[in-house]
Structure formats: C-alpha cells, structure tokens
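Okay, predicted coordinates and the sequence, questions at the end:
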2 protein chains.
Amino acid sequence: MALKKEITIYDIAREAGVSTATVSRILANSAGVKQDKRDRVQAIVDKYNFKPSAIARGLSETHSRLLGMLCPDVRNAYYANIFMECERMAYDKNYTLVLNNTFTQESLEIAFMEKLSEQRVESLIICGGIADWRPLPARYRDTVERFAKRIPVVVAGKMELDDCYQIFIDHAEGMRAAVRHLATLGHKRIAFLHGYSFIYQTQDKLEAFRRALEEQNLPLCKEYIVDAGEFNEHGGLVGMKRLLSLAEPPTAVIATNDLMAAGALQAILRLGYSVPEDFSIVGFDDSFITDLTEPHISSVHYDYAAYAEKLISTALSAIAGRPCARTVVLPTSLTVKESCRKIDA
Amino acid sequence: MALKKEITIYDIAREAGVSTATVSRILANSAGVKQDKRDRVQAIVDKYNFKPSAIARGLSETHSRLLGMLCPDVRNAYYANIFMECERMAYDKNYTLVLNNTFTQESLEIAFMEKLSEQRVESLIICGGIADWRPLPARYRDTVERFAKRIPVVVAGKMELDDCYQIFIDHAEGMRAAVRHLATLGHKRIAFLHGYSFIYQTQDKLEAFRRALEEQNLPLCKEYIVDAGEFNEHGGLVGMKRLLSLAEPPTAVIATNDLMAAGALQAILRLGYSVPEDFSIVGFDDSFITDLTEPHISSVHYDYAAYAEKLISTALSAIAGRPCARTVVLPTSLTVKESCRKIDA
DNA sequence: TAAAATTAATTAACCGGTTACACATAAATA
DNA sequence: TATTTATGTGTAACCGGTTAATTAATTTTA
C-alpha cells in the first residue's frame, strides 16, 4: 500500500473555485491576492489540515531543503552534541538535517554519501570517521572530492581537500592549556593517554603535548605517552594501569577524551589511590560524563553550539553561493573540576 | 543559488540514444531490456556518476521512503541507542530515518510533526517526550490522533490512542527483578529514587515497586520513595543525600535511570561511605554510564536492537498494510555488576 | 466615459522521474 | 508463408507543486 491518497493543491483549488496558482501564492504568503480569496482558501486549507508536499515543491524548485550529516556513532556524546545543535540550527533555517551513523566503515560512509546524493541534500557535513584518518584512504578521498564538486562539503574536522570547508577544534590549544594548568599546580610528571594514532587528532595532540612540556621546561618521558588503542573507558583503565606500574609513575594524566579519563580514574581507585590526592586527571570533550564520576573530571571544553553554528552557517552560505571561510579553527577552554590538585613542592 | 544543474535521466537517454523509459528500466534493473543497451546506458551512468533524484522518484511513485522520528534529546543515551539502531534498520530496508529533537516542548513536537508531514514521511515514530505525560495534553493528543489517521504512528512507549501502535518496555518486570535481586541479597530497607511523577514510567515503576516489596514480604516505608524531580545525576545526588540523612537510611537504592544512579553513588561516596560495602545501587537503562563509575552499577537492561527492530518492522508493516500487533511489550533483564552486595543477616 | 495603468487571477509549462499503453520487430506456431 | 505470440523500445501521461507569461478585472487618469 502506498500512502493514503493525500489531498493536493488541486483539490483545494477546485473546492475554493480558484486556480492552483492562487492557492500556491496564498500558501507562500506572496502578495497580489485579494483578502476574500485568501480567507476562503485558507479556511479550506485549515479544514483539511492541508500541508503542501515538500517532495513536489522540491522537484519544482529544484532544491530539497535537506542537509546530510555523517558521523560514526551518535551514541558518542561528542557527536550527539554536534548533531543536536546542528539539527536545531537547521530547523531554524527551515532545513532538515538527515543523520547517518557510519561506524567508521569506509563502505558504509561511501554508501551513505551516495544515498544522500540521491536525496539531493544541498550540502554534506562530515563529522569524523574515515575523514580523521591519516593518511586518507584513496577511494574515500576520491569520493569526497567528487561529491564536493557538486555540493558544498563541510568537514567537522581537519581535512584539506580542494573543494571542502574544514571547521575544527584547536586541540593543540586545549592540550597546551591542560599541560599549563597541571604544571602551574606543580606537576612535573605528566602523562598522556591517547587513542588511535592514525587519526589526526591524536597526532596533533601528541605534537602539542611535546611542545607544551618544552614550554613548561618539563622533561619528556617516553613511558608517559601511552597508546591505549581503544577510545573508551577500558582503554583508559588499561593504559592507566600500565602507568601506575611504572617505577616512577606520573602524578598527573591527560586523557584524549572523557571516556578514557573515566577509565583512568577507575584504575587509580581500584588500586586504592585517590583522585585528586594522589593523581590529577584532565580529559578532553567536557561532556556530561565528567560530572558522573566521583570526583568530577577537569576537561578541555568546546562550545558545541558555536561549532554547530559555524557548520550550518558555512553550509548554508556555500549553498547560497556566498563566500565563506575555507578553514575555521575553534578555540577551546579548560573546565576545571575536582580531579586536579596542587602538588607540594 | 539553487543546486548546480544536476544531470538528469533525459541527459543520459539523449547521450545513449534511447528513451528515458529505457534508462529508467535499466536503473531499476527491470527485465526486458537488451544487454547491449544495458551496457551502453550503464557506461554513461557510471561516467557521470548519475544518481536518479529521489525527489522526482518520490513524486512519481507517491512515496518518500522517509520515516520520521521524534525524541526529546539524542544526547540522552537512551534515545541515542534507539535512534542508532532504528537508523541502521531503516537503512537496511532502504528507508531514511529523519530525527527531530523536541526537548519535550509541546509546540516544538507539534511543529516537527507538521514539518514531517510536509516531507511526507510514511510513518512517524514517537519516542518519549510529551507522549509520556499523564494525563496527555489535549492539543497534543488531538494532533497525534489526526496524524495517525493519515499514516502509521508508532509510539516507543505506552500511549493508547485509537490508531497508534505502542511498543514499550515492561518497566514493572524490571522493577520486580531489581527488588527481587536486592531482597535475595538480604536487603530489607530498599529505597526508590524516581523522577517526574507525571510520566507513566514513574507511575508504573512506583506501582511495581510497591507490589514487589509486598511479594518479598518487605514493609513499605514512605520515606524511602523519593521524588528527585530532575532526571539527571544532580537529582540522584540530592535525593540520595536526603535518604542518607534519615534516622534509619535504606541499605539499597533503586534509581529510575543510570544518570540518577550515578548521582546517588556520588552522594554516598562524598559522605565517606562506600559501594557496595555500605549501600547497594541498581539503575535502569543499563547504558554505558554504568561502566564509567567506580564501582560499575547494576542496571535493568533492555535490548535496544530488538526494540528498534519492533519499531521499524511495525512501521513498515503498517505502511505496507500488513496487519501487525497494536501493542508490543518488551522484556527486560537485570545486568548485575559490582554495585550490589550480600547483606549479613 | 474612454483609455491607460495597475492589480488580480488563470493558463500552461516545467521540475525529473515512472509506467501504462502503443507499436515494432523478432521468434514460434499453424 | 501467413499468423500468432513474445519481446524490446518509445510515447506520453502522470505525480503535486511553482512561476513566467497571459488574460481578465479593477482602478486611475485624461
């Protein structure tokens, strides 16, 4: 069964004794229609609760008012935040945002792009996934580039392709702030728990971590940089255990996201130590997760609403042919909570 | 600027020297086209990477292959889980799921329904929000009922309206299991931390809590039922503090969701007690949150994939005019983790 | 009051696909 | 070989809106 027979603009026009053009003008609220007809038609529209088909309108106006978004997994608070803000923003601009979860599978990412292309989305917003990988897989790169030639592609992340817009967070700045904060508290042995090293975020943070230690005149200890692989609390737990088993463990640890920070906290607590008394912890993302643990975790904070605003306004500007920045870098701030403490000299 | 001029089926047909009907048949892979033409056309399609417009197809076939979903906020892990599973399932069936975050604002919920109606979604899936309220606001009820007369409305929750399908979780069963588990461990003083009392889930859980205590021959202490208002960790923290200040505090607490359970855990730890040594905790939802705290929290578990499967298959069956159950109740199970402990008699 | 200018409403083409129907051509049967 | 049947392809109508061009109605001006 197809849709139940929907009422159309023809039905309204017939019942009102006017042409479809007139009904269309009334619905679009354009000038040049007499009030009496306006009222008559409106009454019929209300009576049937008629809503003009966006599909027919889309075909006629050759635009869909659809925006596509790709993200690995909305269950991840980071993507949920971005999506939610973007969805709200798109709605305000009378656009609909369609989200697809790709689970960072190249074939799925490409399949979704093709599908969104069929839906005639007017712009594509890519959040993470394969886009974060370095180097970028060739087939993926080609697909995105081909796509970007037809419609504006906005990457919520770093990705320098010719026709793309990139809007990303200044992780280096966040890392610098985290290290500075810990150094100011007197910490000299600071560790960094990171995830996949083949994504640019990890690479940027690592580089920034090294530089920040230099800036603070702190030595770089290779054992304090641990690749926890998994991006979740389990990775954090395992990584932290390794750090704690060192002859001279660090006194503070920076985790590449809040999930890992929570895992690190668990490792510390399980071994009978406490936070912040024995160890200080800083995470990244400042998601609600930081308030679920005891103690709450200090974290590098992003302004998701501002991020979404940039993403959507770039997409809409590009669609409208208005010039807009090819690259936007978003600042971070450090949200200080109970997981850090001054160290006695 | 509208979309860049897209290539159409006419362009393909012209270049291949065939009619659009033939191209359409080839794209749809329907029989009755000679292989040589097939190959010739396909080559041109591939050359331009032509994707037929879903908008034009939708208009012609009078269907959108769109499903609409309403939820309060995807940042909430519960909704993120349902959405993610549904999105994946819909994709498998060649449908696209459009999600709108309503923040449980009646006006927004209604506005989104109207908008989805314009998009000609073939079915609407409502997850929580105003749908959970008891009593149901009249205007909301009317809107949903009107909607349900046109397309299948599937409620992920309890909502008995004439033309709707309702698929909900058996919270009462979950509560019974939680109480039974705690009682078996020897707990006699069990508290229940709940949220908004104007939603059916709270009402169902409360009722089930009372009955379960009876079943276990445990006395019902009014002070052990606390309305924490807010559904988050702060509500849990405040509610638990109140319980801890009682002359005779409970030894176990059931929280209406994991967020509140995490808050309750914080309250306990802050006052210097420990879990599970001094108090046992059980949450609801069994989200990833339960693994972020130390200790991990036992929680009433739902099978989100099964939930999504029911939701989507009901929607698609109803769209297809196939008969399907008006009401489906989903079972729960209890995931036991470290937050509960046997009490010495 | 007639002509000109303005405003209101209609007609019909168009958007880009699908598909019922008509028509040719080829293969099977008489 | 003539006739029937099957197969392949094209024509054109349709889906439900928008809008340019056109015509009709009204108001203004001469």
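Thanks, I have it. Numbers count the residues shown, from 1 in each chain, chains lettered A, B, ... in the order given.

Show me the shaky parts of chain A.
Chain A contains residues with pLDDT under 70 at A:1-4, A:345.

what does the stretch 1-150 of chain A put close to DNA strand D?
Taking CB under 7 Å from any atom of the strand as the contact definition, the stretch 1-150 of chain A meets DNA strand D at A:5-10, A:20-21, A:23-25, A:27-28, A:52-53, A:55-57, A:59-61. C-beta coordinates here come from the backbone N, C-alpha and C atoms, glycine included.

Pull out the buried residues from the residues you listed.
A:6-7, A:9, A:23-25, A:27, A:52-53, A:55-57, A:59 (16 or more other CB atoms under 10 Å in any protein chain shown).

Outline the domain layout of chain A.
Split into domains by automatic domain parsing, chain A comes to A:9-52, A:63-169+A:304-332, A:171-301.

Redo these as a markdown table? Include distance to residue B:342.
Supplementary listing: the domains of chain A in a markdown table, determined by distance: least, CB to CB, whole Å:
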| stretch | distance to residue B:342 |
| --- | --- |
| domain A:9-52 | 60 |
| domain A:63-169+A:304-332 | 33 |
| domain A:171-301 | 21 |
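
do you know which of the ones you listed lies nearest DNA strand C?
Of all the domains of chain A, it is domain A:9-52 that lies closest to DNA strand C, at 3.2 Å by CB to the nearest atom of the strand.

can you tell me the distance between the two ends of the closest one?
End-to-end span of domain A:9-52 (CA to CA, to the nearest Å): 7 Å.

Sketch out the strands for the stretch 1-150 of chain A, chain order is fine.
A:66-71, A:96-101, A:123-127 (DSSP state E, counting those that start in this stretch).

possible to save the ones you listed as JSON lines with mean neighbour count?
Compiled in JSON lines, the strands of the stretch 1-150 of chain A are given as follows (neighbours: other CB atoms under 10 Å in any protein chain shown):
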{"stretch": "strand A:66-71", "mean neighbour count": "26"}
{"stretch": "strand A:96-101", "mean neighbour count": "25"}
{"stretch": "strand A:123-127", "mean neighbour count": "26"}
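
Of those strands, which is nearest residue B:218?
strand A:96-101 (43.5 Å; CB to CB).

Show me what that closest one is packed up against.
strand A:66-71, helix A:77-92, helix A:106-118, helix B:77-92, strand B:96-101 (3 or more CB pairs under 8 Å, 6 or more residues apart in numbering or on different chains; DSSP states H and E).

Please report the distance of residue A:193 from residue A:73.
21 Å (CB to CB, to the nearest Å).

higher neighbour count, the two?
residue A:193 (28 against 16; other CB atoms under 10 Å in any protein chain shown).

residues of whatever helix or strand that one lives in that come out buried?
Using DSSP states H and E, residue A:193 sits in strand A:190-194. Neighbour-count burial for strand A:190-194 flags A:190, A:191, A:192, A:193, A:194 (criterion: 16+ other CB under 10 Å).

List of residues touching it?
The contact list for strand A:190-194 (CB atoms under 8 Å, 6 or more residues apart in numbering or on different chains) reads A:179, A:182-183, A:202, A:205-206, A:209, A:213, A:218, A:224-228, A:235-236, A:239-240, A:243, A:250-256, A:260-261, A:264.

what do you get for stretch A:271-284?
A:171, A:174, A:178, A:181-182, A:185, A:187, A:205, A:241, A:244, A:250-258, A:260-262, A:264-265, A:268-269, A:289-290, A:295, A:297-300, A:334, A:338-341, A:343.

Just the ones of the residues you listed in helices?
A:171, A:174, A:178, A:181-182, A:205, A:241, A:244, A:258, A:260-262, A:264-265, A:268-269 (DSSP state H).

okay, among those residues, which ones form the most distant pair?
Longest span within these, CB to CB: A:171 and A:269, 27.5 Å.

Between the two, which is the more surrounded one?
Higher neighbour count among residue A:171 and residue A:269: residue A:171, with 24 against 19, using other CB under 10 Å.

Identify the residues contacting that one.
Going by CB under 8 Å, 6+ apart, residue A:171 touches A:201, A:204, A:205, A:208, A:284, A:300, A:332.

what about the last one, how many neighbours?
Residue A:332: 22 surrounding residues under other CB under 10 Å.

wait, what's in contact with it?
Residues in contact with residue A:332, defined by CB under 8 Å, 6+ apart, are A:169, A:170, A:171, A:173, A:174, A:177, A:300, A:301, A:302.

The same query, at a cut-off of 7 Å, please.
Contacts were defined as CB atoms under 7 Å, 6 or more residues apart in numbering or on different chains; by that measure residue A:332 touches A:169, A:170, A:173, A:174, A:177, A:300, A:301, A:302.
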